[in-house]
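A.B. asks: predicted model, plus sequence, below.
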Amino acid sequence: MIKPNKIGHVVLNVRNLESSLEFYSEILGFEVVIKQPDGSGAFLTCGQVHHDLALFQAKEDALPVKQGQLGLNHFAVQIGGPEDLKETYRLLQEKGVPIDYTVDHGMTASVYFFDPDGNKIEFFYDKCETDDEGLAMMRSPDWRNTKLVLE
């Protein structure tokens, strides 16, 4: 059996590369590592590895993202802690980014929102001290999501 270590990066096809680059770098804080010279794509990082996210220009006739259809449901980005999540929520509201919902998952607290193409993104922080604690919480028959108020 294959034993994966972790998810390495996310690659998205986008309708407008420049507006997506602006969203991911100016609003969400990803650092642009390199843009393809032909304008077909770009690679972005959170600062620890060569790239965490890649964006590629989709074909003009590409179908739009539709929530609930096959494919990507969302991708998640870890941030520091509760104050970072509150600040993220405030900034997203300020910039007019469509927010889907906020939730306390028990082991994490999250805000879910949409990029310019309708891809859902989760920014979260870990509430558990260790990975084992988080796994135990998820495996508990009492585990439940609860609404999270960030305002």
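C.D. replies: Arrived safely. Predicted model only: the values in this text are computed from it and were never measured.
A.B. asks: what are the buried residues along the helix ranked longest in the chain?
C.D. replies: Taking DSSP state H as the criterion, the chain has its longest helix at helix 82-94. For helix 82-94, the neighbour count (16 or more other CB atoms under 10 Å) marks 85, 88-89, 92 as buried. In short, each C-beta sits where N, CA and C put it, glycine included.
A.B. asks: what is the nearest of those residues to residue 27?
C.D. replies: Distance to residue 27, by CB to CB, is smallest for residue 92 among those, at 7.6 Å.
A.B. asks: is it true that that closest one touches residue 112?
C.D. replies: No - if you go by CB atoms under 8 Å, residue 92 and residue 112 don't touch, sitting 10.2 Å apart.
A.B. asks: where along this protein do the strands fall?
C.D. replies: Taking DSSP state E as the criterion, the chain carries its strands at 10-14, 31-35, 41-45, 53-57, 75-78, 99-104, 108-114, 120-126, 146-147.
A.B. asks: strand partners (parallel or antiparallel) of the third one?
C.D. replies: So the one you mean is strand 41-45. Strands adjacent to strand 41-45 in the sheet, as given by DSSP bridges, are strand 31-35 (antiparallel), strand 53-57 (antiparallel).
A.B. asks: quick revisit: tabulate the strands of the chain (JSON lines), appending mean neighbour count and distance to residue 4.
C.D. replies: As requested, the strands of the chain are arranged in JSON lines below (neighbours: other CB atoms under 10 Å; distance: least, CB to CB, whole Å):
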{"stretch": "strand 10-14", "mean neighbour count": "17", "distance to residue 4": "15"}
{"stretch": "strand 31-35", "mean neighbour count": "15", "distance to residue 4": "24"}
{"stretch": "strand 41-45", "mean neighbour count": "20", "distance to residue 4": "21"}
{"stretch": "strand 53-57", "mean neighbour count": "20", "distance to residue 4": "19"}
{"stretch": "strand 75-78", "mean neighbour count": "15", "distance to residue 4": "16"}
{"stretch": "strand 99-104", "mean neighbour count": "15", "distance to residue 4": "26"}
{"stretch": "strand 108-114", "mean neighbour count": "20", "distance to residue 4": "20"}
{"stretch": "strand 120-126", "mean neighbour count": "18", "distance to residue 4": "20"}
{"stretch": "strand 146-147", "mean neighbour count": "8", "distance to residue 4": "30"}
